[in-house]
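A.B. asks: Sequence and predicted structure below; questions after.
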Amino acid sequence: MLVKQKQKFVLFFLILLLVFAFGFWFGKSQVVCPVCPPEDVDFSLFWETWKTIEEKYVDREKLNVQEMIYGAISGMIESLEDPYTVFFKPEEAKKFLEDVKGFFEGVGMEIAVKGGQLQVVAPLEGTPAQKAGLRPGDKILKVDGKSTTDVTIDTAIDWIRGPKGTQVTLTVYREEWGQERDVKITRGVIDIPSLKLEIRDDNIAYLRLYHFSEKASYDFREAAIEILASPAQKIILDLRNNPGGYLDVAQDIAGWFLEKGQVVAIEDFGEGREQQEILAEGNAKLLNYPVVILINEGSASGSEILAGALRDNRGVKLIGETSFGKGSVQELTDLREGFSLKVTIAKWLTPKRESITDKGLEPDIKVELSEKDYEEGRDPQLDKAIEVIKNL
């Protein structure tokens, strides 16, 4: 068994050397080699480490060359210290795509690492996480007793997610509690709604967007048509606890509120690269409706793009609490054999070139929700939005 394993490694290294030699020759002959390492990078330490493991590791029969390669890739990505750049194995890639489609099994919440701590961005509407009382900003210290210190987001998601009917225990810390508590949640089938529309008696359209999922553009179009056909004269756009989703969906929705060609956001691809403006391309049929927007700590990514676009272009007032501050753009790249890489390709700026990364959007009118408000079902943020829009 050991001899066979040794032969596999020898063969693997010979193949690597041949591939590298060919790449080096091809790169020299073609001047440009898109897959070759930079000339000033020394890989000798990597190969020395690999060879030492091969020769000296006690359980050599357990060595898995493919898993070691995956581990090296994951380690390379972790060194970026960017929680949003993630290497997905095929099953993980499938779970990610289920998330953005808005249908999967689990507890139904968006999580992120902020300030080095795993926390809830937003519990999604109607999900077990919301029903269990989780809120934006709750810090998740443990999952089923396992510490979340230094755990990657994808690992935490893997721990928390599971088949419907099973239970998971989250150890949560909330500022108002002043201590940690265990929250038991029974997992379920998560089918995230896109939005909720209410045409109020005072001719105000209350439109709550829950998620910028694949189906959100279509659902918003149906809601917009209903608003246009109703006696509603003003719109409250509620983006609280909306963790984002597809950037092009946020762009599409912005196009209902902005003139064609107005800047929705600016993508900054880093030093030496040209910035790109994301423009409104819609029909602007809601352009003349007075609007106010509700945001809170659970408003992230696409929500912040939409809120920033309407604030900067139309002077729309933001009411509530400071948003989450996820100001980066990810692209999902398909790799071979079902693997994929979600990689941060840009940071986005509001139309007035304000970066919200890690700081969020500040509300024009700050209104907080207290623990007592939650318990007694009061919503002073919405009350303030109604008061403000009635005077517009």
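C.D. replies: Ah, there it is.
A.B. asks: Quick one: distance of stretch 180-189 to the chain centre.
C.D. replies: 21 Å (CA atoms, centre = their mean, to the nearest Å).
A.B. asks: Quick one: the strands in the stretch 1-150 of the chain, in order.
C.D. replies: Assigned by DSSP state E, counting those that start in this stretch, the stretch 1-150 of the chain shows strands spanning 86-88, 103-106, 109-114, 117-123, 139-143, 146-147.
A.B. asks: got the contact list for residue 232?
C.D. replies: 199, 200, 203, 204, 205, 289 (CB atoms under 8 Å, 6 or more residues apart in numbering). Placement of C-beta: from N, CA and C, glycine included.
A.B. asks: does the second one really touch residue 206, like I thought?
C.D. replies: It refers to residue 200. Yes: the pair residue 200 / residue 206 is scored as a contact, 5.9 Å apart, by CB atoms under 8 Å.
A.B. asks: and the two? which has more neighbours close in?
C.D. replies: Remark: of residue 200 and residue 206, residue 206 carries more neighbours, 20 against 12, as counted by other CB atoms under 10 Å.
A.B. asks: List the beta-bridge partners for that one.
C.D. replies: With DSSP bridges as the criterion, residue 206 is bridged to residue 198, residue 236.
A.B. asks: do you know how far it is from residue 122?
C.D. replies: 19 Å (CB to CB, to the nearest Å).
A.B. asks: ok, now residue 242?
C.D. replies: Using CB to CB, we find residue 242 at a distance of 7 Å from residue 122.
A.B. asks: Could you do residue 275 as well?
C.D. replies: Remark: distance between residue 275 and residue 122 (CB to CB) = 29 Å.
A.B. asks: of those two, who's got more company?
C.D. replies: Comparing residue 275 with residue 122 by other CB under 10 Å, the one with more neighbours is residue 122, at 30 against 13.
A.B. asks: that older thread, what touches both of residue 242 and residue 122?
C.D. replies: Common contact partners of residue 242 and residue 122 (CB under 8 Å, 6+ apart): 298, 299, 300.
A.B. asks: does the second one sit in a helix, a strand or a coil?
C.D. replies: So the one you mean is residue 299. Residue 299 falls in the coil class when you classify it by DSSP: H, G, I helix; E, B strand; the rest coil.
A.B. asks: Skip the chain neighbours and tell me the closest residue to it.
C.D. replies: Closest residue to residue 299 apart from its sequence neighbours, by CB to CB, 6 or more residues apart in numbering: residue 323 at 4.2 Å.
A.B. asks: So what does residue 391 have for phi and psi?
C.D. replies: In terms of degrees, to the nearest 10, the main-chain angles of residue 391 are phi -90, psi 0.
A.B. asks: Distance of it relative to residue 287?
C.D. replies: Using CB to CB, residue 391 is found at 20 Å from residue 287.
A.B. asks: Looking at those two, which one has more neighbours?
C.D. replies: Each of residue 391 and residue 287 has its neighbours counted (other CB under 10 Å); residue 287 has more, 18 against 6.
A.B. asks: What are the neighbouring residues in contact with residue 136?
C.D. replies: Contact analysis of residue 136 by CB under 8 Å, 6+ apart lists 120, 121, 122, 123, 241, 296, 297, 298, 324.
A.B. asks: which pair in these spans the largest distance?
C.D. replies: The most widely separated members of those, counting by CB to CB, are 123 and 324 (13.3 Å).
A.B. asks: Would you mind telling me which of the two has more residues around it?
C.D. replies: Relative neighbour count places residue 324 above the other of residue 123 and residue 324, with 30 against 26, counting by other CB under 10 Å.
A.B. asks: pretty sure the more buried one is touching residue 302, no?
C.D. replies: No: applying CB under 8 Å as the test, residue 324 and residue 302 come out as separate, 11.2 Å apart.
A.B. asks: Just give me the neighbour total for residue 220.
C.D. replies: Other residues lying near residue 220 total 20 when counted by other CB under 10 Å.
A.B. asks: Over to the one 3 residues further on?
C.D. replies: Taking other CB under 10 Å as the neighbour definition, residue 223 ends up with a count of 20.
A.B. asks: can you tell me which residues contact it?
C.D. replies: Applying CB under 8 Å, 6+ apart to residue 223 gives the contacts 195, 197, 207.
A.B. asks: list the contacts for the last one?
C.D. replies: When contacts are counted by CB under 8 Å, 6+ apart, residue 207 is found next to 195, 196, 197, 198, 223, 227, 235, 236, 237, 238.
A.B. asks: With residue 153 as the reference, measure out to the fourth one.
C.D. replies: Distance, residue 198 to residue 153, using CB to CB: 34 Å.
A.B. asks: With neighbour numbers in mind, choose between those two.
C.D. replies: Taking neighbours as other CB under 10 Å, residue 198 and residue 153 compare with residue 153 leading, 15 against 11.
A.B. asks: Quick one, grab the pLDDT at the more buried one.
C.D. replies: We have a pLDDT of 80 for residue 153.
A.B. asks: pretty sure it is in contact with residue 110, am I right?
C.D. replies: No: Residue 153 is not in contact with residue 110 according to CB under 8 Å; the separation is 10.0 Å.
A.B. asks: residue ranges of the helices in the protein, please?
C.D. replies: Taking DSSP state H as the test, the helices found in the chain are 2-30, 44-56, 65-78, 90-101, 128-131, 153-160, 216-229, 247-257, 302-314, 371-376, 380-390.
A.B. asks: low pLDDT regions in this protein?
C.D. replies: The chain contains residues with pLDDT under 70 at 1-38, 98-103.
A.B. asks: same thing but at 50, please
C.D. replies: Within the chain, the segments meeting pLDDT under 50 span 1-32.
A.B. asks: domain ranges for it?
C.D. replies: Using automatic domain parsing, the domains assigned to the chain come out as 1-9+44-79, 103-191, 195-390.
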